[in-house]
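>>> Provided below are the primary sequence and the corresponding predicted coordinates.
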2 protein chains.
Amino acid sequence: MAETSTLNITQNLTHTLGLAILRGDFVDALPSEAEICERFGVSRSSTREAVKMLSAKGLIRSRPKQGIRIQPERNWNMFDPDVLKWTLVSKPTLNLLREFFEMRLVTDPQAAALAAQHALPENIVELRKSIDRMRDAESGLDDSLDADIAFVTALFEATHNRFFIQLIEFTSTALRVTSRYSNRMQGVSFSNLATCIAVFDAIVQKQADTAFELVQNMLTQMMETVLADT
Amino acid sequence: MAETSTLNITQNLTHTLGLAILRGDFVDALPSEAEICERFGVSRSSTREAVKMLSAKGLIRSRPKQGIRIQPERNWNMFDPDVLKWTLVSKPTLNLLREFFEMRLVTDPQAAALAAQHALPENIVELRKSIDRMRDAESGLDDSLDADIAFVTALFEATHNRFFIQLIEFTSTALRVTSRYSNRMQGVSFSNLATCIAVFDAIVQKQADTAFELVQNMLTQMMETVLADT
DNA sequence: TTCATGCTATTTATATGACTTTTAAAGTAG
DNA sequence: CTACTTTAAAAGTCATATAAATAGCATGAA
């Protein structure tokens, strides 16, 4: 978690409206600025700032006379951690999980392969640390989810590709939210310690193909478990 | 293009500041709100709204007393079309192109495979239309870049996976910007008409593996051409 | 010294009101 | 029926006042 602070008014309104949009509470437009102010008891400044934030994430668009209209889903920035979180919280369907896995099944094996090619000593250090944490987690000395996320983080950082690195937030947000909301997802990430060690070894030895296949197999198996009774 | 309107003050400031951040004009913090107002001759409302937009994209974070600080690059939402555009415009390096291709080399073949599995009749119609446009483009009756983007769009829509669909904006933004700023990228997308037709056929016949390989080969070849003299 | 506690000044956060610009839709002239 | 004009609704912009958060300093006790 670590989200220390009490959210301020603007942040609060942003989350409330964002979640409401994702939940489908509004058909194709939001109430006018004035009405939002009244309904939520906040000033126009805060309302406008919240609207700007949601615009920046592609959810809405506001224009004079037309009001605040919801954008077609294509424009929603699904890789934005907030948007992803609102999506997962509001519609945690099996279908969404399937789509999420379809994406990871592409990105994660390739991340492992790129890591094997581009990893620097400091990346190896981080990977080793995360493996240690996973080992600790097995004996209850560390949190399993946090350890998994640390491994994914170290793995993706080792690719030295900014687009893959961006996916760290994507993946960890999804893991955190789903693990909190769905029993089905408990412990579903890189929980297999033995395989992770094998991936680590492959990366150290710069065996990209091996790393690729190990991760691919691990995810395929995981996906089958999670989506078993579709 | 089609971006009809003159940008308003807030949008303008957002782009100016966003680009400046990506260009590295600010070390680790932006000037204070008050100073931004003065320097750009805009009101505080507009300044704050622009700041909120950039915060929503993960570029900055503003807190009382601390001011407006630039976030670590990990938090930047690279899949946001604006952020991607600013990145490409400000640092169109060969390395960035490499990273972009590494990503497409993973997503596009898998998109083709998923399209073969999940495409509905309407998706086939759109794919066919885009192929027609590419054919037109060859004889100068249509714009080659637009036709390519139409193909990518139809392809990714056919996956029926919202994360892949999100990548449409990512890919088309990158194609549009790079083709405008770099001669090296001229005509670099799906320009090979014959292969695209083959991909289309594979999708129609639900041959996921074939579609996957065709796209992968096409992109690999394209990548080698573009990154030839690294 | 060293650590905690309270003060202060700076910067963003919030609220309010006035005015401007954009634009969909109604109205009007031809 | 078309093309132009008017109107009014809603967001866009500006200015100002006040509140809240907080980094850094100062003060004082152990």
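Everything's here; your move.

>>> ranges for the strands of chain A?
Ranges of strands within chain A are A:60-63, A:67-70, based on DSSP state E.

>>> what number of residues lie near A:Lys85?
Counted by other C-beta atoms under 10 Å in any protein chain shown, the residues lying close to A:Lys85 total 18. C-betas here are computed from N, CA, C, even on glycine.

>>> domain assignment for chain A?
Using automatic domain parsing, the domain ranges for chain A come out as A:9-75, A:92-226.

>>> Give me whichever of those is most buried.
domain A:92-226 (a mean of 19; mean count of other C-beta atoms under 10 Å in any protein chain shown).

>>> is chain B contacted by it?
Yes: interface with chain B: domain A:92-226 contributes A:96, A:99-100, A:102-103, A:105-107, A:110, A:114, A:159, A:161-166, A:168-169 (C-beta under 8 Å from any C-beta of the partner chain).

>>> Just give me how far stretch A:136-143 sits from the chain centre.
Centroid separation for stretch A:136-143 versus its chain: 23 Å, with C-alpha atoms, centre = their mean, to the nearest Å.

>>> Endpoints of that stretch, how far apart?
End-to-end distance of stretch A:136-143: 8 Å, with C-alpha to C-alpha, to the nearest Å as the criterion.

>>> Over to stretch A:68-85?
When the termini of stretch A:68-85 are compared using C-alpha to C-alpha, they are 22 Å apart.

>>> quick one: is that stretch near DNA strand C?
No: applying C-beta under 7 Å from any atom of the strand, one finds stretch A:68-85 separated from DNA strand C by no less than 10.2 Å.

>>> What are the contacting residues of that stretch?
Contacts to stretch A:68-85, defined as C-beta atoms under 8 Å, 6 or more residues apart in numbering or on different chains, come from residues A:14-15, A:18, A:21-22, A:26-33, A:51, A:57-63, A:87, A:166-167, A:169-170, A:173-174, A:177, B:56, B:58, B:77, B:79-80, B:162-163, B:165-166, B:168-169.

>>> Can you tell me which of those residues end up in helices?
Judged by DSSP state H, helices contain the following of the contacts of stretch A:68-85: A:14-15, A:18, A:21-22, A:33, A:51, A:87, A:166-167, A:169-170, A:173-174, A:177, B:56, B:162-163, B:165-166, B:168-169.

>>> and those near DNA strand D, which?
Here is what survives when the ones in helices among the contacts of stretch A:68-85 are matched to DNA strand D using C-beta under 7 Å from any atom of the strand: A:33, A:51.

>>> separation between A:Trp86 and DNA strand C?
According to C-beta to the nearest atom of the strand, to the nearest Å, A:Trp86 and DNA strand C sit 20 Å apart.

>>> Just give me the neighbour total for that residue.
23.

>>> which residues touch it?
A:Trp86 makes contacts with A:15, A:18-19, A:21-23, as judged by C-beta under 8 Å, 6+ apart.

>>> Going by distance to chain B, which of those residues wins?
Distances from chain B to the contacts of A:Trp86, taken as C-beta to the nearest C-beta, are shortest for A:Gly18 (10.0 Å).

>>> Just the pLDDT for the residue lying closest to that closest one once chain neighbours are set aside.
Counting by C-beta to C-beta, 6 or more residues apart in numbering or on different chains, A:Trp86 is the residue found nearest to A:Gly18 once chain neighbours are left out, at 5.0 Å. In this prediction, A:Trp86 carries a pLDDT score of 96.
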